[in-house]
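Peer 1: take this sequence and fold it.
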Amino acid sequence: MRVRRILLDKFSSGSCRTFSTACAYQSVHRIRQCIVPCGSPRNFSSRMFRRCFTTKFSKEVSLAQDTGTGIVALESTIVAHGMPYPQNLSTANAVEDIVRQHGACPATIAIINGEIHVGLETESMERLASNASEFGKASRRDLAPMVAMGKCAATTVSGTSLLASLLGNIPTFVTGGIGGVHRGVETTMDVSADLMDLARTPITVVCAGAKSILDIGKTLEVLETQGVPVVGYQTDEFPAFFTRSSGHGVSCTADSCEDIALMMLASRQLGLQSGMVVAVPIPEEHAAAGADIEQAIQCALRETEEQNIYGKHVTPYLLRRVNELTSGASLAANVALVENNARVGAQIAAAFATMHTMDAHDGHRVKYFPTGSTKPKPPPAGQRQLCTSASAAAPTHPGTYGAVVLGGLVQDIVYTPHDPAGEFALGTSNIAAGASSVGGVGRNIAEAFSLLAPQAPALLVSVVGDDAVGQGIVQDCESRELSTEGIAVARRHASATYVALHHRNGDLLCGVADMEVFDRLTWEDICATHHQHLIAARVIVCDSNLPVPTITGLAHFCTEHNIPLWVEPTSDAKCTRIVQAGVCDHVAVVSPNLSELRILARALREDPDGVTSPSEGASADLLAVTQDDIATLLNAGICNVLVSAGAEGIVYQTKDQEHPTHMPASVLPLDAIVVNTNGAGDSMVGAVAAAMARGCMFDDPSALTRGLRAAALSCVSHSAVSPDLDWYTL
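Peer 2: Okay, here's the model as predicted:
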């Protein structure tokens, strides 16, 4: 059964109304996707299901996502079931205020009438706090039933972690204490789902350890087995909620919130999918009552055994009973530790949001990151969409894609002469072998990136015409498992086509292109339709098929949101578009070939009659003839230049290097036959961009080596991008 993501408003008389992405962007609350089973898109029928769900992001959370502000997820179980009313409401509001005061945005998560809320407005928070009996408890196990039946539920550590990571791409979560292994597990097998979800959800949980009602030793053993690091914040001992010490150690210690943010960054760069526990001891002034509270806990535990209270009912009973036995001292300590956790968690979230583009090794901004302060223009209200989507599925949630690639999607036709000399004769017909395939610079880069990063592939943003060629292009993308979510269909326009004449050795002799349809890719449409994916991307790549105003808007957007922008010049005729757009100082990487390099440098020097393009030669000559031109690009503000030189390999230089560096091309096997060089440069760009998305520096030798190997593989493949690309074997 195929799974489609469809953006729905509601069901009425057995039918549904689909929102446009632009409407969703302008809505006060972001309506996110629901996931429903269906057959093929052409046989879609609302009779196949009864109910859908939506995810509503509060105005504050939506703004934080747009501006790149750190967000702190907050569970709702502690509000509905952890404290009595009205202390729970005042505590919840105080915790959110503390998060704001320390530079982050609070996002309390709950399920209300089947809708997932990420960030609660005032009325919803009041309802959650004052009507505890209306709200069940939802861990991972309970999410689908609660949503499907339209019920209300407060989310636990498990449920909150999953929803924060899955729907909001929120990496930091603050709570009071995590669940764990209950005492007597040998007979009850009672182990909290929190531990399992920490092992499979990439989120950092800031807490005061585990409650002392649990078997803390066994809890830590399970976390170790599941590969979850337990970080002590300014302590080397795991706290036990109401007390600063449990007698058990932590796996490592962090002295600052910045240290923890660096750990989170390293975990993301390594591609780890597990979470992290940050254990924050209760403030010392509230730890004095810990001994009395511990006595009360032991008394309450005996009562649960006597009254046969078990499962999910144990914790609410214990919290209420311990509060009674301590005459409110435990509640005061509970509030204090939660507020302290919020303070630490907000600082971690703010630090991580700031440094997610920073080098995890030395704390300096990475070399491929551009600087600037120009703000992007928001999409105008009511902006008319010039194109319709080629995909039947609605947008996936932010964070699905590791990169966004904007540019060419073309029907390629390549002819190779039968003449043994490998040449075409002008002024007459030639006998040749022809081959047709789908290509385009943007498309090739997106495919190479996606093959090397299948867990976080590239979103290709492009456009086709409403013709048979366009239909074939979209079907080809689907057959290669490339997302068609970003492909628009321009009405009454022809799809882009490219006809190339190749020498028998695979080199390009001449090419003819019709790319007029790409003028329909306006920045306003792109920003309105793909705003959330652009913000969540780790790297953005565009080719110069984009119109100049679109390149301008995209470059300013990337600078404002701290996202590295890679520009692929595409051709001699189009390579100067970044110069025309005036955005060189917003570009992280540009990757011209030798001819495009010279043309770009002449345009920047305003010297149209400069020296002609250099011919290929020895490596020393290659460095000599490219050095001045590369320096011109770097002086214009471009951070990094990567020049492809065909069989000679590449020349690259960063803004921090005094001289360019040459790397030879990867050596092909002796029996390898070069059949196509069209996609070599695109494959290299896709591979290096994939390495950058994994956290590598642009000039990391391993990243560039992978790029050269990807280029070599494409040369011996009849496809522009070799289907054999694989990160672990490249």
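Peer 1: pull the residues that contact stretch 428-437.
Peer 2: Applying C-beta atoms under 8 Å, 6 or more residues apart in numbering, the contact partners of stretch 428-437 are 411-419, 424, 476, 501, 718-720. (C-beta placed from N, C-alpha, C; glycine too.)
Peer 1: these two touch, right, residue 480 and residue 447?
Peer 2: Yes. If you go by C-beta atoms under 8 Å, residue 480 and residue 447 touch, sitting 6.4 Å apart.
Peer 1: strands along the stretch 351-500 of the chain, start to end?
Peer 2: Applying DSSP state E, counting those that start in this stretch to the stretch 351-500 of the chain gives strands spanning 387-389, 403-406, 410-417, 432-439, 458-465, 487-490, 497-502.
Peer 1: what mean pLDDT would you report for stretch 251-266?
Peer 2: Across stretch 251-266, the average pLDDT comes to 93.
Peer 1: which other residues reach that stretch?
Peer 2: 171-172, 204, 224, 229-236, 276, 278, 344, 347-348, 350-352, 354-356, 358, 360, 363, 695.
Peer 1: out of those, which are buried?
Peer 2: 171-172, 204, 229-233, 235, 276, 278, 344, 347-348, 350-352, 354-356, 358, 360, 695 (16 or more other C-beta atoms under 10 Å).
Peer 1: which stretches of the stretch 401-550 of the chain form helices?
Peer 2: Counting by DSSP state H, counting those that start in this stretch, the segments of the stretch 401-550 of the chain that form helices are 441-452, 468-479, 523-536, 548-560.
Peer 1: skipping adjacent residues, who's closest to residue 626 in space?
Peer 2: Once flanking residues are discounted, residue 626 sits nearest to residue 651: 5.1 Å by C-beta to C-beta, 6 or more residues apart in numbering.
Peer 1: and residue 480 and residue 447? which has more neighbours close in?
Peer 2: residue 447 (31 against 15; other C-beta atoms under 10 Å).
Peer 1: what's near enough to touch residue 282?
Peer 2: 208, 239, 241-244, 290, 333, 336-337, 340.
Peer 1: how near is it to residue 206?
Peer 2: 13 Å (C-beta to C-beta, to the nearest Å).
Peer 1: now residue 500
Peer 2: 56 Å.
Peer 1: more neighbours, the two?
Peer 2: residue 206 (28 against 19).
Peer 1: what residues sit buried inside the helix or strand where residue 217 lies?
Peer 2: Residue 217 is part of helix 216-225, with elements assigned from DSSP states H and E. Using 16+ other C-beta under 10 Å as the test for burial, helix 216-225 gives 216, 218-220, 222-223.
Peer 1: now do stretch 520-540
Peer 2: 520-540.
Peer 1: about what we covered before: export the contacts of residue 282 to CSV and tack on secondary structure, neighbour count and pLDDT?
Peer 2: Formatted as CSV, these follow (DSSP: H, G, I helix; E, B strand; the rest coil; neighbours: other C-beta atoms under 10 Å; pLDDT from 0 to 100):
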residue, secondary structure, neighbour count, pLDDT
208, coil, 27, 92
239, coil, 28, 92
241, coil, 28, 84
242, coil, 29, 82
243, strand, 20, 84
244, coil, 20, 87
290, helix, 21, 66
333, helix, 27, 83
336, helix, 18, 89
337, helix, 24, 91
340, helix, 20, 95
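Peer 1: for residue 664, grab the count of nearby residues.
Peer 2: Other residues near residue 664 come to 12 when the count uses other C-beta under 10 Å.
Peer 1: thought it was touching residue 646?
Peer 2: No. Look at residue 664 against residue 646 with C-beta under 8 Å: they stay out of range, at 11.4 Å.
Peer 1: where's the spatially closest residue to residue 326 that is not a sequence neighbour, which helix or strand?
Peer 2: Nearest residue to residue 326, sequence neighbours excluded (C-beta to C-beta, 6+ apart): residue 296, at 5.0 Å. In this structure, residue 296 sits in helix 290-306 according to DSSP H and E.
Peer 1: how about residue 669?
Peer 2: Per DSSP H and E, residue 669 falls between elements, in no helix or strand.
Peer 1: can you check the pLDDT for it?
Peer 2: The model's pLDDT for residue 669 equals 74.
Peer 1: try the one 5 residues further on
Peer 2: The confidence metric pLDDT takes the value 82 at residue 674.
Peer 1: list the buried residues of stretch 455-467.
Peer 2: 456-467.
Peer 1: tell me the one among those residues nearest to residue 183.
Peer 2: residue 456 (40.6 Å; C-beta to C-beta).
Peer 1: how much space separates that closest one from residue 462?
Peer 2: In terms of C-beta to C-beta, residue 456 sits 19 Å off from residue 462.
Peer 1: residue 117 now?
Peer 2: Using C-beta to C-beta, one gets 35 Å for the distance from residue 117 to residue 462.
Peer 1: what does residue 567 give?
Peer 2: 16 Å.
Peer 1: picking that back up, just put the strands of the stretch 351-500 of the chain in a markdown table and tack on mean pLDDT.
Peer 2: What follows is the strands of the stretch 351-500 of the chain, written out as a markdown table (pLDDT from 0 to 100):
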| stretch | mean pLDDT |
| --- | --- |
| strand 387-389 | 55 |
| strand 403-406 | 96 |
| strand 410-417 | 87 |
| strand 432-439 | 86 |
| strand 458-465 | 95 |
| strand 487-490 | 92 |
| strand 497-502 | 86 |
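Peer 1: with distance to residue 76 added, can I get the ones you listed in CSV?
Peer 2: Conversion of the strands of the stretch 351-500 of the chain to CSV gives the following (distance: least, C-beta to C-beta, whole Å):
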stretch, distance to residue 76
strand 387-389, 35
strand 403-406, 33
strand 410-417, 50
strand 432-439, 48
strand 458-465, 32
strand 487-490, 39
strand 497-502, 54
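Peer 1: who wins for proximity to residue 250 among the ones you listed?
Peer 2: So among those, strand 403-406 is nearest, using C-beta to C-beta, at 35.7 Å.
Peer 1: give the buried residues for the closest one.
Peer 2: Neighbour-count burial for strand 403-406 [16+ other C-beta under 10 Å]: 403-406.
Peer 1: as a markdown table, the residues you listed with distance to residue 560 would be great.
Peer 2: Converted to a markdown table, the buried residues of strand 403-406 look like this (distance: C-beta to C-beta, whole Å):
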| residue | distance to residue 560 |
| --- | --- |
| 403 | 18 |
| 404 | 15 |
| 405 | 20 |
| 406 | 17 |
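Peer 1: of those residues, which is the nearest to residue 639?
Peer 2: Nearest to residue 639 among the buried residues of strand 403-406, counting by C-beta to C-beta, is residue 403 at 17.3 Å.
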